[in-house]
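**Q** Prediction below, plus the sequence it came from.
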Amino acid sequence: MTTYFDVTELDRVKKQRKICLAIYFTVLALYVLGSVADFVWYRLLPYRSPQIGAVKAVQYSVTAVFVIFSFIFLGIVFKRVNKYYKLCYNLVNGLKETYTGSFFEYDETRQVKDGVDFKSLVFIEWNKYKNDFFERKVLVFEEKPFPEIPENANVRYITQGNVLLEYEILS
């Protein structure tokens with residue numbers, strides 16, 4: 001069997017997720033420290049000081065920058081890494097199913113499953129309940145190259161959630 005998805009991918013994305021969280025919490029800690037320093041500066045000013053406007057302007061601008069950073073970082077960067085981590089976790093720990101089919105074609109069309117981008121391999125399989133052949137699209141990661149499978153080759157493959165994990169060319 002040729003391995004398409006390896007357990008080391010889960011370890012790699014877990015490390016990437018921890019780095020993203022460390023970056024965000026570092027920025028959050030810097031924001032909190034800056035806010036506390038700004039509050040202390042505000043409390044040390046005399047009543048009706050002309051610098052109160054500057055203190056408020058600094059605090060408002062820092063807060064606006066932090067909120068914008070949080071929306072962008074958590075909404076784009078961390079969200080994608082976290083969804084990929086969850087998918088990889090499910091691929092490692094979920095139920096694996098083995099199928100045999102005849103390889104038909106590569107499908108370059110982008111598909112999104114659980115927030116992760118995929119392309120697909122199309123196999124022709126026999127359905128024993130309907131007594132008919134049908135096309136089955138098995139998902140492969142968009143960032144990885146397609147596995148080298150000759151056309152019309154019989155392939156035994158293992159999937160989890162219709163995502164390719166391993167394959168073996170039979171003939």
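**A** Received, thanks. Numbering: from 1, shown residues only.
**Q** Mind checking the pLDDT average for the host helix or strand of L165?
**A** Per DSSP states H and E: L165 is located in strand 163-169. Strand 163-169 comes out with an average pLDDT of 95.
**Q** contacting residues around it?
**A** Residues outside strand 163-169 that contact it (CB atoms under 8 Å, 6 or more residues apart in numbering): 1-5, 87, 91, 96, 113, 118, 121, 138-140, 147, 149-150, 153-159. Glycine gets a C-beta too; all of them are placed from N, C-alpha and C.
**Q** Weed out the non-buried ones from these.
**A** 4-5, 87, 91, 118, 121, 138-140, 147, 149, 155, 157-159 (16 or more other CB atoms under 10 Å).
**Q** where exactly do the strands run in this protein?
**A** Assigned by DSSP state E, the strands in the chain fall at 2-3, 97-113, 116-127, 132-141, 154-160, 163-169.
**Q** among these, which is nearest P46?
**A** Among the strands of the chain, strand 116-127 comes nearest to P46, with 56.9 Å by CB to CB.
**Q** List the buried residues of that closest one.
**A** Buried, per 16+ other CB under 10 Å, within strand 116-127: V116, F118, K119, S120, L121, F123.
**Q** and the two most separated of those?
**A** V116 and F123, at 20.6 Å, using CB to CB across the buried residues of strand 116-127.
**Q** Thanks a lot, catch you later.
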